[in-house]
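> Here's a sequence, model it:
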Amino acid sequence: MDTETGFPNIVLINSIYGIGEMIVKGKITPDEFTVFKPTLKQGFESIIAQNMGRKTKKYVYDTGRGGLKEVEVEKSLQEKFSITTKEIITLAKWACLIEEHYGLPQDIEWAKDGKTNQLFIVQSRPETVHASKAKNILEEYEFKTEQKPILTGIAVGNKIGSGKAKVIKDLSRINNFMPGEVLITKMTDPDWVPILRQASGVITDEGGRTCHAAIISRELGIPA
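Here you go, the predicted structure:
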């Protein structure tokens, strides 16, 4: 399912190097692949879009201290996709099978063994944002201006927001944010939810469609 429109006939796959928590935290922009389900089920390699992310760093296990540590990704790996075409198709086929088993769209987490290159499904849960929306209502938004955009990026949702832009570099400055302003920051985590609820829009420097900021903005109906 398309995370923004709810279009059901695609599988959206995000991938990075290292531990996947980097995606959730929005500390990196992942590679993104879109696979068309109908032709995939007919036996075609139906990758209809692929966008290379900004994979400059990754989480790896810290064998000395325990836990995770952040390291730089080799330049040669930054400039190539993090998974192969065969792996994309395999994951998309698995996603279709899981969705058919449960009978509704799924939010699936997967992993790849760094030594054997074997793929695994580690979690599957029902998609909640679009599943709860009324199926017979279409909402459209129009931006009525002839001004050219000064900045573009990955959009979350189809709404349009407006407000005074406020840069908040870290949570220690959260009291400077006023309701109705557009939050601009590097990234967010669960501690930012109270300020996100007051924002008329969100702009982050890092993160993809499945990071924390994107998920919360989508659930709250905030343009991001």
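
> so what's Arg65 up against?
By Cβ atoms under 8 Å, 6 or more residues apart in numbering, no residues touch Arg65. Placement of C-beta: from N, CA and C, glycine included.

> Domain map for the chain?
Per automatic domain parsing, the domain ranges recorded for the chain read 10-126, 140-224.

> Tell me how many other residues surround Ile83.
19 (other Cβ atoms under 10 Å).

> quick revisit: out of the domains of the chain, which is closest to Asp2?
domain 10-126 (5.6 Å; Cβ to Cβ).

> name the element Gln123 belongs to?
strand 119-126 (DSSP states H and E).

> So for that strand, what gets flagged as buried?
Neighbour-count burial for strand 119-126, counted by 16 or more other Cβ atoms under 10 Å, picks out Ser124.

> Partner strands of the following helix or strand past it and their direction?
With elements assigned by DSSP H and E, the helix or strand that comes after strand 119-126 is strand 165-167. Its sheet considered, strand 165-167 pairs with strand 182-185 (parallel) by DSSP bridges.

> how far out from the middle of the chain is the partner strand?
With Cα atoms, centre = their mean, to the nearest Å as the basis, strand 182-185 stands 18 Å off its chain's centre.

> What of stretch 153-165?
The answer for stretch 153-165 is 15 Å, by Cα atoms, centre = their mean.

> for the protein, which helix is longest?
Secondary structure of the chain per DSSP state H: the longest helix is helix 85-102.

> list the helices and strands it packs on?
strand 10-15, strand 31-36, helix 37-40, strand 47-51, strand 106-112, strand 119-126 (3 or more Cβ pairs under 8 Å, 6 or more residues apart in numbering; DSSP states H and E).

> change it to 7 Å
Applying 3 or more Cβ pairs under 7 Å, 6 or more residues apart in numbering; DSSP states H and E, one finds that helix 85-102 contacts strand 10-15, strand 31-36, helix 37-40, strand 106-112, strand 119-126.

> Quick one: mean pLDDT for that helix?
Averaged across helix 85-102, the pLDDT comes to 95.

> Same check on stretch 119-134?
78.

> cool, and stretch 198-213?
Throughout stretch 198-213, pLDDT has a mean value of 79.

> What residues does Glu87 make contact with?
Residues near Glu87 by Cβ atoms under 7 Å, 6 or more residues apart in numbering: Leu119.

> how much space between it and Ala111?
12 Å (Cβ to Cβ, to the nearest Å).

> Let me see the contact set for Arg125.
Under the criterion of Cβ under 7 Å, 6+ apart, the neighbours of Arg125 are 106-107.

> Okay, and the beta partners of it?
Under the criterion used (DSSP bridges), Arg125 bridges to Asp107.

> Which secondary structure state is assigned to the closest residue to Ile89 other than its chain neighbours?
Using Cβ to Cβ, 6 or more residues apart in numbering and skipping the chain neighbours, the partner closest in space to Ile89 is Glu45 (5.5 Å). Secondary structure, DSSP: H, G, I helix; E, B strand; the rest coil: Glu45 is coil.

> And Glu45, what's its pLDDT?
Note for Glu45: predicted pLDDT of 88.
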